[in-house]
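> Okay, here's the prediction I keep looking at, along with the sequence it came from:
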Amino acid sequence: MVKIIFNFLKIYFLPIKYAKSIKTISFVSHRETFHWNSLIAKNATQNPQTALTFFTRMQAHAVPSNNFTFPALLKACASLRRLLPTLQVHAHLTRLGLAADRFSAAALVDAYGKCGHANYAAQVFDEMPDSSVDAVSWTALISAYSSNGCVDEAFKAFGRMRGWGGSECCGVDVVSIGALVSACAVGGGSDCLRRGRAVHGLVVKCGFGVSTHLGNSMVHMYAACKDVCGAWRVFNGIPIEQRNVVSWNSLISGFTLNGEPEKALRTFEDMVSGETMAFEPNRVTVLCLLKTCAELGCLETSNWVHEYIRSQHSPLLVAKDVVVLTALIDMHARSGNLALARKIFDRAEAKNVVCWSAMIGGYEQGPCPEEALRLFREMLMEGNMEGVEVKPNAVTMVSVIAACSRLGASRPASMIHKYAVVTGLDRDARIASALIDMYAKCGNIALARQVFGEINESMRTVVSWSSIIGAESIHGKGKRALELFSEMQSSRYEPNEITYVSLLSACSHAGLVEEGKSCFYSMEKDYGMSPTAKHYACLVDLLGRAGHLDEAYNVILNMPVEADLALWGSLLAACHLHGNYKLGEIVEKKLLSLDSNSVGHRVLLANMYEDAGRWDDVVRIRVGLRRSGLRKIPGQSFIEVGNEVYSFVAEDRSHPESEMIYKELDCLDEKVRKAAKYLTETNSNVEDQDIAGLILRCKYHSERLAIAFGLIMIDKHSSNRCCLRAATPILITKNLRVCRGCHTYTKLVSKVVGRQLIVRDARRFHHFQDGFCSCGDYW
């Protein structure tokens with residue numbers, strides 16, 4: 001610590017300029033130290049900048065400082081959470097020989113901790129004379145470790161404190177216990193929960209009882225450690241007359257944090273309409289409530305909460321309160337009301353990076369990923385024009401990269417990757433993993449592999465490995481995904497649930513039945529991981545695609561988790577694929593009992609019955625859909641041309657070039673018909689009416705319109721038509737699974753135009769070339 005002090009001792013001789021934001025500070029002519037100390041102490045917490053300015057003036061008037069000056073001054077530094085003024089004050093203490101003063105040293109430990117430098121705090125504490133060490137300085141050290149996430153060090157310091165006192169409870173008070181509880185909350189996880197329970201036991205053993213402040217801290221700790229039942233028990237243990245608004249806020253946020261937003265809302269209702277004692281919500285309550293509704297994602301509830309805030313807490317909706325407005329934006333965006341979210345966003349003043357990220361994330365997760373890219377460009381431009389430093393952070397970049405992934409837009413993807421490299425954000429493990437996923441979903445598996453290869457082995461995480469395994473999966477490279485999984489295990493990385501979902505999907509797409517089953521059963525055998533409904537859905541999909549329908553059905557009947565829509569939907573798709581209509585009828589009843597409004601599954605049922613020629617059932621399902629007012633999610637295809645991403649829906653005539661698109665599509669149909677005629681003459685397994693049917697059926701599906709538009713635009717911008725036509729692949733991204741008719745049609749188009757066509761649907765990539773698909777008609 002002496003080295004640190006001498007390195008920064010020169011700072012003392014520099015002028016301290018902390019009065020920029022203060023318009024007027026009364027001149028104090030009295031030269032007594034007592035009066036200056038009083039002014040500093042009075043402003044230390046509420047106006048810490050003013051307190052520092054008074055100290056500067058005190059020095060300018062040659063008023064001597066004493067051991068009462070610095071504890072208050074360091075409290076101001078702690079409030080500001082800035083290292084430089086803390087180092088300056090430390091230099092003053094050393095120069096005046098007051099660094100060993102009990103009160104000043106404890107305040108210095110606390111200030112360094114709150115400035116984010118627990119190591120400096122520990123060095124100051126270790127250099128304190130034994131005579132100066134007391135319960136206050138020990139608590140300051142524990143708090144310094146706790147607030148900086150140093151859980152192990154906090155508990156070691158607590159152990160030393162108990163040994164120092166000579167008694168198990170000596171020196172232990174509510175403040176030191178509270179610091180330990182906070183350390184457990186910061187750490188989270190099962191280990192911190194175990195420690196938190198031990199601290200709770202110590203509270204009981206030492207006879208402290210559960211005070212309001214300590215009780216609130218323990219509610220938060222249990223919730224942060226995923227023990228919401230423990231949080232509830234502690235809350236109930238706080239006497240009703242001792243509960244305050246913080247108690248309720250801790251419980252509400254705890255339920256939300258643990259994925260129980262419905263309970264959080266009920267708790268809020270109990271809070272404001274309590275039979276014994278009702279509490280007035282504060283700003284923190286409102287923020288907790290907005291986060292709860294964002295997690296719930298219910299449009300009706302979000303509108304009700306917004307109206308409640310407008311009627312009961314309207315001052316919070318001012319344009320300058322960017323924190324509340326950001327929470328409102330996030331809530332409405334995640335509830336599907338992007339128009340209202342954007343209206344609030346445009347009204348907000350002095351938008352910070354969190355506000356921008358919330359709106360960009362809302363567009364990315366909603367139906368408008370292209371708007372996320374436009375808003376990101378606007379964010380960069382607005383910062384440059386107004387001179388306001390609003391730099392995208394890791395959260396912003398993950399949302400923008402995810403938007404590129406959804407669009408399959410390679411040009412913006414490349415530019416965003418370059419921006420991440422220039423700003424150094426690519427070193428963030430989350431962004432590196434998102435880049436792998438982005439390149440894979442933009443059709444460039446080679447670049448996805450390159451990004452993974454460039455991640456330093458010490459920086460790789462389970463997320464990085466899961467991303468590259470998932471990338472191989474959607475490109476149908478099942479064997480490569482299995483090789484990567486083996487490498488991951490050899491590198492001593494433990495897979496998580498997402499890793500196994502990616503791995504099982506890879507086996508399913510590649511038809512690796514035995515390998516997939518082996519991976520599934522290794523979850524519990526090798527890692528003690530219980531498969532979730534998602535993993536069972538992957539297993540059912542694997543078995544179903546391979547035609548093992550009875551085995552897939554038995555898996556659903558015998559599995560320990562309740563079968564959901566996704567599981568039965570996977571089996572229904574397999575029944576449709578293999579024409580098992582008897583089992584399909586059983587699955588239909590299960591699906592309708594779970595959700596009679598499941599449009600996608602009912603459309604799939606209608607298609608299955610249509611293939612079987614059971615027209616009465618087709619009419620029954622379609623009439624039922626029409627009467628209930630249900631509509632299937634419209635198919636939408638995206639294609640990138642130049643710097644623009646264009647979207648199409650079925651029978652779309654909104655595009656300015658729609659007349660040319662439909663003419664090009666007619667030309668393609670004619671070429672496909674001729675190629676098909678050749679196939680029927682040379683292949684006895686292909687019937688003429690099958691080819692005619694696939695041309696007429698789904699004739700104007702969105703991917704066909706996108707392919708026609710891509711060919712037009714490439715020809716339009718080509719000086720050497722034949723050369724370019726054979727060189728550049730066309731990449732289409734579709735939001736739904738490609739139908740069998742369009743799949744066969746696209747194979748034939750790739751042959752007649754002599755060009756590679758890449759289609760990414762909701763399940764995987766299809767690389768069409770010379771009349772064949774990379775999926776081997778297995779998707």
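That came through fine.
> host element of Q489?
Take DSSP states H and E as the rule and Q489 turns out to sit in helix 478-490.
> what sits up against that helix?
462, 465, 468-469, 472-473, 495, 499, 502-503, 506-507, 509-512, 515, 519 (CB atoms under 8 Å, 6 or more residues apart in numbering). For glycine as for every other residue, the C-beta is placed from the backbone atoms N, C-alpha and C.
> Repeat the analysis, applying 6 Å as the threshold.
With contacts defined as CB atoms under 6 Å, 6 or more residues apart in numbering, helix 478-490 is touched by 465, 468-469, 472-473, 503, 506-507, 510, 512.
> Then stretch 655-675?
695, 705, 708-709, 712, 748-749, 752.
> who wins for neighbours among these?
L705 (27 neighbours; other CB atoms under 10 Å).
> so who does that residue touch?
648, 652, 661.
> can you check M523 too?
Contacts of M523 (CB under 6 Å, 6+ apart): 500, 529, 531.
> try 10 Å this time
M523 makes contact with 495, 497, 499-500, 503-504, 529-532, 535 under the criterion CB atoms under 10 Å, 6 or more residues apart in numbering.
> can I get the CA coordinates of the helix holding Q489 in PDB?
Extracted in PDB, the C-alpha atoms of helix 478-490 (Å, rounded to 0.1, in the frame of the first residue of the first chain):
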ATOM      1  CA  GLY A 478     -24.500 -34.200 -37.400                       C
ATOM      2  CA  LYS A 479     -21.200 -36.100 -37.300                       C
ATOM      3  CA  ARG A 480     -19.200 -32.900 -37.000                       C
ATOM      4  CA  ALA A 481     -21.400 -31.800 -34.200                       C
ATOM      5  CA  LEU A 482     -20.700 -35.100 -32.400                       C
ATOM      6  CA  GLU A 483     -16.900 -34.600 -32.900                       C
ATOM      7  CA  LEU A 484     -17.100 -31.100 -31.400                       C
ATOM      8  CA  PHE A 485     -19.000 -32.500 -28.400                       C
ATOM      9  CA  SER A 486     -16.200 -34.900 -27.800                       C
ATOM     10  CA  GLU A 487     -13.600 -32.100 -28.100                       C
ATOM     11  CA  MET A 488     -15.700 -30.100 -25.600                       C
ATOM     12  CA  GLN A 489     -15.700 -33.000 -23.100                       C
ATOM     13  CA  SER A 490     -11.900 -33.500 -23.600                       C
END
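> any idea which of the contacts of L705 is least confident?
Within these, pLDDT reaches its minimum at D652, with 86.
> While we're on the nearest residue in space to that one that is not next to it in sequence, how confident is the model there?
Leaving aside its sequence neighbours, D652 sits nearest to L705 (CB to CB, 6 or more residues apart in numbering; 5.8 Å). Looking at L705, its pLDDT is 93.
> Tell me the secondary structure at L705.
Put simply, L705 is helix when judged by DSSP: H, G, I helix; E, B strand; the rest coil.
> same deal with the one 3 residues further on?
Counting by three-state DSSP, the backbone at A708 sits in helix.
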